[in-house]
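Participant: Dropping the sequence and predicted coords here.
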Amino acid sequence: MTLLYIRVFFTILSTVVGYYIGVLLKPFLPYNAEIFGITLGFGGALIVIFLETALRRASIRNLSAAVFGLVFGFFMAWLLTNVLRLIPMDPRVFMSLQMGLILVFSYLGMVIAMRGKDEFNLIVPYVKFTRQDKREDIIILDTSVIIDGRIADIAQTKFLEGRFVVPRFVLKELQQIADSQDSLKRNRGRRGLDVLHKIQKDTHIDVMIQEEDFQEIQEVDAKLVKLAKLLSAKVLTNDFNLNKIASLQGVQVLNLNDLASALKPVVLPGEELTVRITKEGKEYNQGVAYLDDGTMIVVDNTRHLIGQTIKVLITSVLQTSAGRMIFAKLEEPEKYPMSKGKR
């Protein structure tokens, strides 16, 4: 709505300025100078607004790089033409050389600057005016961590500080998943969009949509890594492959799965737990229970206690590549005798 007001005000102001320009040019115009000025101002404002809306999707980083290259090209052409002034020549030849040099160096400056835009640290979108004693962390969210959904709850706890950045190409991938013909993928994509909407509604979380898209790169993971390097940001993910790729290229990764593993309750042999036996185990007369975080507990001699809540004593803890398993036994087996039919 604010942009609409600005555009309307700009159109009105341009029309008024056009009217006064028409009045000033009245001696040079045969008739209706005021109408000509009003038309010129109003039409010019509409053209400018049209160009502004057409450039809405343009990358500010590319535009700023092009402007930088254009200024640099003008400067180099100016230096070279000043040198050419020392050489005696016809003024028309000098003027032709000057125009040609300005044109060539402007083109070369823009092209070179846009090709090497990733190497410039002073490009406008990446200049950070912050206090030296306070550094703002930038955290880029990938598709998998948004679909996972746990990031919304973690963000509300305020354990993560800084700005969340969601690239436009990640939003595009989420939209494609949400529009998938596969019902499972479609539900996952819609859940991701709901999670992102929930994060944006949280007032204490700063979420920014990054418009930058690297057209020369096809893979989303490679785009995320490149964007993270440009912004000196961290990548928040639970994708194993992205974790490895980013780490190899020196990008710091925050992995939700690692966080979940670190937050699992620590149990030691000899401790007591109260658990509910939910199913039978693989070995004879074993029962299986689960902790709140999903850790499996295998309890000996409890097959006949399926569906009951009992006290067990931890005997050992086994850490495997698939996760952690806990082995236990009944704390007071005499309280839970087996019937003869279940032996």
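Facilitator: Received it, and whenever you're ready, just let me know what you need. Numbering: from 1, shown residues only.

Participant: Going by C-alpha atoms from here, please, whenever you check contacts or count neighbours.
Facilitator: Noted.

Participant: quick one, what contacts the spatially closest residue to Asp148 that is not a sequence neighbour?
Facilitator: Take Asp148 and drop its neighbours on the chain: the residue closest to it by CA to CA, 6 or more residues apart in numbering is Gly192, 7.2 Å away. Under the criterion of CA atoms under 8 Å, 6 or more residues apart in numbering, the contact partners of Gly192 comprise 143, 146-149, 174.

Participant: Let me know the secondary structure of Gly192.
Facilitator: helix (DSSP: H, G, I helix; E, B strand; the rest coil).

Participant: Please tell me how far it sits from Gln176.
Facilitator: As for Gly192, its distance to Gln176 is 11 Å (criterion: CA to CA, to the nearest Å).

Participant: which two in the contacts of Gly192 are spaced the farthest apart?
Facilitator: Greatest spatial distance among these (CA to CA): Gly149 and Leu174, at 13.0 Å.

Participant: Compare those two (neighbour count), which wins?
Facilitator: Neighbour tally, Gly149 and Leu174, criterion other CA atoms under 10 Å: the higher count belongs to Leu174, 25 against 19.

Participant: contacting residues for that one?
Facilitator: Shown here is Leu174, whose contacts under the criterion CA under 8 Å, 6+ apart are 143, 189-190, 192-193.

Participant: Let me see the contact set for Lys26.
Facilitator: With CA under 8 Å, 6+ apart, Lys26 has these contacts: 33-34.

Participant: Tell me which stretches of this structure form strands.
Facilitator: When assigned using DSSP state E, the strands of the chain occupy the ranges 138-141, 163-167, 206-210, 234-237, 253-255, 272-276, 279-280, 287-290, 296-299, 309-320, 323-330.

Participant: Burial-wise, tell me which of those comes out on top.
Facilitator: Mean neighbour count (mean count of other CA atoms under 10 Å) peaks for strand 234-237 among those, with a mean of 24.

Participant: Remind me what that one packs against, helices and strands.
Facilitator: With contacts taken as 3 or more CA pairs under 8 Å, 6 or more residues apart in numbering; DSSP states H and E, strand 234-237 sits against strand 138-141, helix 143-148, helix 220-231, strand 253-255.

Participant: what does that strand contact?
Facilitator: If you take CA under 8 Å, 6+ apart as the criterion, strand 234-237 is touched by 137-145, 224-225, 228, 243, 251-256.

Participant: likewise stretch 83-98?
Facilitator: The contact list for stretch 83-98 (CA under 8 Å, 6+ apart) reads 77, 81.

Participant: Show me which residues of it are buried.
Facilitator: With burial defined by 16 or more other CA atoms under 10 Å, the residues of stretch 83-98 counted as buried are 94, 98.

Participant: re earlier: and of the helices and strands packed on strand 234-237, who's closest to Ile277?
Facilitator: helix 143-148 (28.4 Å).

Participant: For the closest residue to Val317 other than its chain neighbours, list the residues it contacts.
Facilitator: Distances taken as CA to CA, 6+ apart put Ile326 closest to Val317, at 4.6 Å, once the chain neighbours are dropped. For Ile326, the contacting residues are 295-298, 314-318, taking CA under 8 Å, 6+ apart as the criterion.
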